[in-house]
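Asker: Dropping a prediction and its sequence here:
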Amino acid sequence: MGEIKNIEKFHIFSAVYHGSSVNWKQFAQEGKMEIAFIGRSNVGKSSLTNSLCGNRKLAHVSREPGKTRTINYYDVQSRRTVDGTEERQSWFLVDLPGYGFAKTSGKNAEDWSSFIDDYIMNSPELALICLLIDSRHPNLDIDEKAYAWLGTSGVPVLVIGTKGDKLKASEKQQNRRKLASNYPSAYPPVIYSSLKGTGKGEVLHIIESIVCR
């Protein structure tokens, strides 16, 4: 059996905006592990990012769906204590443009989708993709298509059901089962409320298992 370690709580203590680009290679040379967030426009991605990182002003919460058209990098610092020794981790949280309401067409739409596809399929530092889905609507065709596309990348996917505070307790359990059935992955789906912080511990635990390898 492996050695049992005394591990104290993992948490994010700093997160700052690092930069934006439509070319992932611009930041790849920094060699930091990346955890990407993607979801339908207006799914609550910015609110979840702010909640997870404990910074309400980190990601801009837009009232105009589809406004974000770049890959946004946030420099995240996390830490935990193992057997009395503090361990720190430095990684990128990568915010990808929302799909579904992007205000672009024709050649621009092709360019928009191609640079995201290029990042998902080729970024060597991408370790986890968090697919955000409105927990009130777990069966949308557009999310199922996104999940199928992400599955071709070979990168582990974590499904996060957002806006969990808008569901009753019974609905949460029912919709969690639907998410698990519709989007099977290496991790159980998490129902998250950015307003109440519900699900934050579960998501951080999964992130810890990746960035603390």
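Answerer: Done, it's in.

Asker: looking at the chain, which helix or strand is least sure?
Answerer: Ranking every helix and strand in the chain by mean pLDDT, DSSP states H and E puts helix 106-122 at the bottom, with a mean of 71.

Asker: What segments of this structure are helices?
Answerer: Secondary structure of the chain (DSSP state H): helices located at 25-28, 45-53, 106-122, 141-150, 169-182, 200-211.

Asker: Tabulate the ones you listed (JSON lines), appending distance to residue 158 and mean neighbour count.
Answerer: Bear in mind the C-beta positions are built from the backbone N, C-alpha and C, glycine included. Output for the helices of the chain, formatted as JSON lines (distance: least, Cβ to Cβ, whole Å; neighbours: other Cβ atoms under 10 Å):
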{"stretch": "helix 25-28", "distance to residue 158": "22", "mean neighbour count": "15"}
{"stretch": "helix 45-53", "distance to residue 158": "12", "mean neighbour count": "22"}
{"stretch": "helix 106-122", "distance to residue 158": "14", "mean neighbour count": "14"}
{"stretch": "helix 141-150", "distance to residue 158": "11", "mean neighbour count": "16"}
{"stretch": "helix 169-182", "distance to residue 158": "11", "mean neighbour count": "15"}
{"stretch": "helix 200-211", "distance to residue 158": "6", "mean neighbour count": "17"}
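
Asker: By mean pLDDT, show me the worst of those.
Answerer: Ranked by mean pLDDT, the helices of the chain end with helix 106-122 in last place, scoring a mean of 71.

Asker: ok, now which ones touch the spatially closest residue to residue 211 that is not a sequence neighbour?
Answerer: Sequence neighbours aside, residue 89 is the residue nearest to residue 211 in space, at 4.6 Å (criterion: Cβ to Cβ, 6 or more residues apart in numbering). With contact set as Cβ atoms under 8 Å, 6 or more residues apart in numbering, residue 89 has these partners: 77-79, 211-212.

Asker: Quick check, pLDDT for the residue most central in space within the chain.
Answerer: Geometric centre of the chain, nearest residue: residue 37, 2.8 Å, by Cα atoms, centre = their mean. The per-residue pLDDT reported for residue 37 equals 96.

Asker: List only buried entries from the contacts of residue 89.
Answerer: In terms of neighbour count (16 or more other Cβ atoms under 10 Å), the buried residues within the contacts of residue 89 are 78-79, 211.

Asker: that older thread, roughly how far apart are the residue nearest to residue 211 and residue 209?
Answerer: Plainly put, residue 89 is 12 Å away from residue 209 if you go by Cβ to Cβ, to the nearest Å.

Asker: Can you tell me how far the closest residue to residue 119 other than its chain neighbours is from residue 125?
Answerer: Leaving aside its sequence neighbours, residue 119 sits nearest to residue 24 (Cβ to Cβ, 6+ apart; 4.2 Å). The gap separating residue 24 from residue 125 is 9 Å, by Cβ to Cβ.

Asker: now do residue 147
Answerer: Using Cβ to Cβ, we find residue 147 at a distance of 22 Å from residue 125.

Asker: sorry, back to before: nearest residue to the residue nearest to the centre of the chain in space, please, no chain neighbours.
Answerer: If you skip the residues right next to it in sequence, residue 37 has residue 130 as its closest partner in space, 4.8 Å away by Cβ to Cβ, 6+ apart.

Asker: Now do the contacts for that neighbour.
Answerer: 35-38, 157-160, 203.
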